[in-house]
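Novice: have a look at this prediction, sequence included:
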Amino acid sequence: MPANPKVLNDENAELKHRALLLSNAQRQVVELAIREVCDYRDYVLHAVNVRTNHVHSVVSAPCNPEQVMDSFKSYATRKLREAGLLDRNIKRWARHGSTPYLWTEDDVRRAIDYVLNGQGEEPFV
């Protein structure tokens, strides 16, 4: 599907900072942060794929997906700043994200496959 220029312009107009791309070092820190949150909170991490401009994960948790996503964002931000990989005045994440519920084992299986295999080639940034 081709990009919708009006939607793209509207979204860009709402940005407080220019869009940032995660470097390899930043991507590694974000993935580690997600894994640490899952370990600490006893979430089951089925799959994670940290891309240069977004993150996908499949997680089983005893709370709603928005809480999981918010935990990932805040912990990753703290870890990036502690590592000196993100300035304090930069807001790294979009306001929300996709947080679908996966109701069946088949839903989970398909989501894992998409996260691990449906993202295209690994970027070289």
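Specialist: On my side now, so go ahead.
Novice: burial count for the residue lying closest to Lys73 once chain neighbours are set aside?
Specialist: Leaving aside its chain neighbours, Lys73 sits nearest to Trp93 (4.6 Å; criterion: CB to CB, 6 or more residues apart in numbering). Where C-beta positions appear, they are placed from N, C-alpha and C, glycine not excepted. Residues near Trp93, counting by other CB atoms under 10 Å, number 16.
Novice: kindly report the same for the one 4 residues further on.
Specialist: Gly97 has 15 neighbours, counted by other CB under 10 Å.
Novice: so it sits right up against Met69, yeah?
Specialist: Yes - look at Gly97 against Met69 with CB atoms under 8 Å: they come within range, at 5.4 Å.
Novice: and Leu45, what is it in contact with?
Specialist: Ile34, Arg35, Cys38, Ser57, Val58, Val59 (CB atoms under 8 Å, 6 or more residues apart in numbering).
Novice: let's see 6 Å
Specialist: Cys38, Val59 (CB atoms under 6 Å, 6 or more residues apart in numbering).
Novice: where's it, which helix or strand?
Specialist: strand 44-50 (DSSP states H and E).
Novice: in the very next helix or strand once past that strand, what counts as buried?
Specialist: Proceeding C-terminally, strand 44-50 gives way to strand 55-60 as the next helix or strand, assigned by DSSP H and E. For strand 55-60, burial by neighbour count (16 or more other CB atoms under 10 Å) applies to Val55, His56, Ser57, Val58, Val59.
Novice: what strands line up against strand 55-60, and which way round?
Specialist: Strand pairing for strand 55-60, using DSSP bridges, gives strand 44-50 (antiparallel).
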